[in-house]
Each structure stands twice: as C-alpha cells, then as structure tokens.
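Novice: just to be clear, the model below is a prediction. Sequence and coordinates:
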Amino acid sequence: MGQFSEFDYAVGDYCRHLEADHNKNFGSMPYVFGYETGRKYVKIIMSRANGTAESSHSWVVIGDQGKFKHGDILKSSSWKAPAKNFARGNVLSGNFKHIGWAGI
C-alpha cells in the first residue's frame, strides 16, 4: 500500500468541499467529486452518484510550472485541459472555500 502525501490529502479535502457544497443545496440529486492524476495536473471530475453525466470541474497543478505553483487550482477549459489564465486558489493552503460546485 502506497504512502499518501500532504498533496493527496489536500486534493481529497478539495473534492469533499465541492461535494458538500453541492449536496447541501441539492441533496436529492447527489453528485460525487473524484479525481484522476496525470503527469502535470490532477483532473477533478464531477459525476452523478449513479456514475452518469461526468464532467471536468477543475484542475490542480502538480509541481511548480511557470507562473503556477504546486497545488494551484485552475478552471476547466475542456474535458482534456485546464484554463491557464490564472489560479483560482491552492489546495495546499486551504484557499478554496470560495470555490463552489457550480464553478470557480
């Protein structure tokens, strides 16, 4: 079994925050937030609890990349890519409370 890092826990906290934000308003239509880890980014995925209607919610930067720092949250541009204009918060600093399930 692998080790979980501070980063892994922070991404999990971010997903739980998004899920709680959605479900407090729309408990009858529960959504779950999960993630897929790539080479440069973690893709945050929003889907219905029954596994249908998946969409890319946001992206988290892995490692410092130019103007972005490790843990920065980026808006989703598409299913396959983040919007690279500016960071919306950072999962490691806990700076994501202003981000809701409906977007950033």
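Specialist: Arrived safely, thanks for sending.

Novice: so the residue positioned nearest the centre of the chain is in which element?
Specialist: Geometric centre of the chain, nearest residue: Ile44, 3.8 Å, by CA atoms, centre = their mean. Using DSSP states H and E, Ile44 falls within strand 41-48.

Novice: what is that strand packed up against?
Specialist: Applying 3 or more CB pairs under 8 Å, 6 or more residues apart in numbering; DSSP states H and E, one finds that strand 41-48 contacts helix 6-25, strand 31-37, strand 55-61. C-beta: built from backbone N, CA, C; applies to glycine.

Novice: can you put the ones you listed in a markdown table and add mean neighbour count?
Specialist: Converted to a markdown table, those look like this (neighbours: other CB atoms under 10 Å):
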| stretch | mean neighbour count |
| --- | --- |
| helix 6-25 | 16 |
| strand 31-37 | 16 |
| strand 55-61 | 22 |
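
Novice: hang on, the earlier thing: show me what the residue nearest to the centre of the chain bridges to in the sheet.
Specialist: Beta-bridge pairing of Ile44 under DSSP bridges involves Tyr35, Ser58.

Novice: list the buried ones in the strand holding Ile44?
Specialist: Tyr41, Val42, Lys43, Ile44, Ile45, Met46 (16 or more other CB atoms under 10 Å).

Novice: nearest to Lys80, of these?
Specialist: Closest approach between the buried residues of strand 41-48 and Lys80, by CB to CB: Lys43, at 8.6 Å.

Novice: and the residue nearest to the centre of the chain, how far from Pro30?
Specialist: According to CB to CB, to the nearest Å, Ile44 and Pro30 sit 17 Å apart.
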